[in-house]
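>>> pasting the structure only:
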RNA sequence: UGACCCAUGGUGUAAUGGUAACACAGAUGGUUUUGGUCCAUCCGUUCUAGGUUCGAGUCCUGGUGGGUCAGCCA
């Protein structure tokens, strides 16, 4: 029953992805003795599953090749960043199970060093202060097919540039009045090489450096040098930075000192998931416009959302492994994510019986005051988890959808005059259906076969259906929240003429208030995970309390019956 | 109509000049006290046209299609 194939065959001969090949090559030919990677988020939002792929890639590389991984906040833009995000990012990385090397790094720790390098570039004639406005700079940059125009301030003397740059730092100028630019090539076919801005003036309070600085380095003048300072060997980022690489290398060329580790930028394709959006801006919009309850809403593709939904770090690693690493644009089927969590939860979760949509069943030939306890297996995939006792009595609940007065032979569940097995309990036969004045079924009158205790056929007769059930007297009331995909379209932000919010699925959340669980659930705490037999994997929500137990459905079980009849 | 990058089943990822492999999805069947798990079988002439080679998914050239770049964002 248990699966042994995943542990044996799949690990043996796994081919390397292109980044691992580069690393192995660099290690083999002695370019590096040890690799150091880094995860460099900007603290301007919550991490999502795309970041999880990057985290797992970077930390995974270091684990595999006995290297190290730094955590560094790319905090060069004070107006967008906040400690709230720093904290959530720290929590998410740790939850994934990774430990960064040494202390947490911040690009803002390097502001002084960066400033000195900027001065060096100025002295060597590779940078100048430009007085043009943002609009002018933009207008003279040219287009991808037309070269740009050199700034009239491009050929100032080093002395003048130095003086101006110092005064920029001192705060003598207003925001936007001046910038420091690299002097490269205004007619480069690569737009990023057309005298990119290195520093801009922002009289804004930074979440770490406060008001110490009023000039802030741009990403391009920060990232590679930060890698260099930290001794990063492989600087892995996403494809949209491909065009930045020549600039990354250009800055390094001008500050590099012989003998030191020189970082290399390598780009891979970011993760895209079907039926969701991944951009920070769009996720923020979902939160702000209250389409979801917050960044950690269980329907969100954020790490905190997935965590609250009941995902495990292991599942995300399984997922990342299956997705792979390459340079091709991709949209991963969300089904693969769901498969990954099912695969893990199937192995580890406690089984439990919970009726989500209860229908009362009275066993007419079962004594009024009798109750008994029946043994149920906790996890068929893991014998060491043992078994538990489940109470049985005359009045029970079964799932409404598990009964039909009349149905074809393909319907294995309970029908009038038919017999099914109650899991771990008895065979029961339905003799009578009770309805209210509107014709709704309110109760089933059944008889049980005392000889079928434990669910074994006493005389060898077979029943096709096995139902989960809960004893009414012993039932624990719980609230269950079912989640469906947030969007009805596979690629909600892939339509030019339509806004992604038009595809929001109005039925992505269903709250069930009247669910009946077996007594095992009485003392659950938030974060506990279960399989509700025949219903799916569930996780106790953070809002859950003793009085009001709230449980999220992480993912449903595969259901070939429902699929066929859909 | 510039530069850079990409193109292998429905979706992803392999094959490192030598029999197109693995996973997910789908289909069919088997086992089963979860219509779960597990097991078996089926599902691609590698975007296109040339070229190099004994041999090309892989190397070269052209084409086609897609992505990225014109923030004082990262």
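Done, it's in. Not measured: the values here are computed from a predicted model.
>>> Run the chain-centre distance for stretch A:483-497.
Mean-position distance between stretch A:483-497 and its chain equals 17 Å (CA atoms, centre = their mean, to the nearest Å).
>>> Name the residues of it that come out as buried.
Across stretch A:483-497, burial judged by 16 or more other CB atoms under 10 Å covers A:483, A:484, A:485, A:486, A:487, A:489, A:491, A:492, A:493. Glycine gets a C-beta too; all of them are placed from N, C-alpha and C.
>>> What ranges does the stretch 201-350 of chain A have for its helices?
Using DSSP state H, counting those that start in this stretch, the helices of the stretch 201-350 of chain A run over A:223-230, A:245-255, A:280-288, A:303-309, A:313-323, A:334-348.
>>> export those to CSV and tack on mean pLDDT?
Listed next are the helices of the stretch 201-350 of chain A as CSV, based on pLDDT from 0 to 100:
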stretch, mean pLDDT
helix A:223-230, 98
helix A:245-255, 98
helix A:280-288, 96
helix A:303-309, 98
helix A:313-323, 98
helix A:334-348, 98
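>>> Turn those helices into CSV, columns for distance to RNA strand B.
Conversion of those to CSV gives the following (distance: least, CB to the nearest atom of the strand, whole Å):
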stretch, distance to RNA strand B
helix A:223-230, 7
helix A:245-255, 7
helix A:280-288, 9
helix A:303-309, 17
helix A:313-323, 5
helix A:334-348, 4
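>>> export the ones you listed to JSON lines and tack on mean neighbour count?
Output for the helices of the stretch 201-350 of chain A, formatted as JSON lines (neighbours: other CB atoms under 10 Å):
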{"stretch": "helix A:223-230", "mean neighbour count": "24"}
{"stretch": "helix A:245-255", "mean neighbour count": "17"}
{"stretch": "helix A:280-288", "mean neighbour count": "15"}
{"stretch": "helix A:303-309", "mean neighbour count": "24"}
{"stretch": "helix A:313-323", "mean neighbour count": "19"}
{"stretch": "helix A:334-348", "mean neighbour count": "18"}
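>>> and residue A:558, which of these is closest to it?
helix A:334-348 (7.4 Å; CB to CB).
>>> Next up, phi/psi of residue A:497, please.
phi -90, psi 0 (degrees, to the nearest 10).
>>> separation between it and residue A:454?
61 Å (CB to CB, to the nearest Å).
>>> can you check residue A:381 too?
Taken as CB to CB, the span from residue A:381 to residue A:454 is 20 Å.
>>> same thing with residue A:96?
43 Å.
>>> just residue A:286 next, same as before
The value you get for residue A:286 to residue A:454, if CB to CB is used, is 49 Å.
>>> Also residue A:55?
Going from residue A:55 to residue A:454 by CB to CB gives 47 Å.
>>> again, but for residue A:241
According to CB to CB, residue A:241 and residue A:454 sit 62 Å apart.
>>> Kindly report the same for residue A:294.
Counting by CB to CB, the separation of residue A:294 from residue A:454 is 46 Å.
>>> In terms of neighbours, single out the busier of the two.
The residue with more neighbours, out of residue A:294 and residue A:454, is residue A:294; 14 against 11, by other CB atoms under 10 Å.
>>> in terms of contact, does the more buried one touch residue A:286 like I think?
No: between residue A:294 and residue A:286 there is no contact under CB atoms under 8 Å: 9.6 Å.
>>> touching RNA strand B at all, stretch A:394-402?
No: Stretch A:394-402 stays clear of RNA strand B (CB under 7 Å from any atom of the strand), getting no nearer than 8.1 Å.
>>> Skipping its backbone neighbours, what lies nearest the residue of the stretch 401-550 of chain A found nearest RNA strand B in space?
In the stretch 401-550 of chain A, the residue that lies nearest RNA strand B is residue A:455 (2.3 Å; CB to the nearest atom of the strand). Spatially, and ignoring its direct neighbours in sequence, residue A:455 is nearest to residue A:421 (4.9 Å; CB to CB, 6 or more residues apart in numbering).
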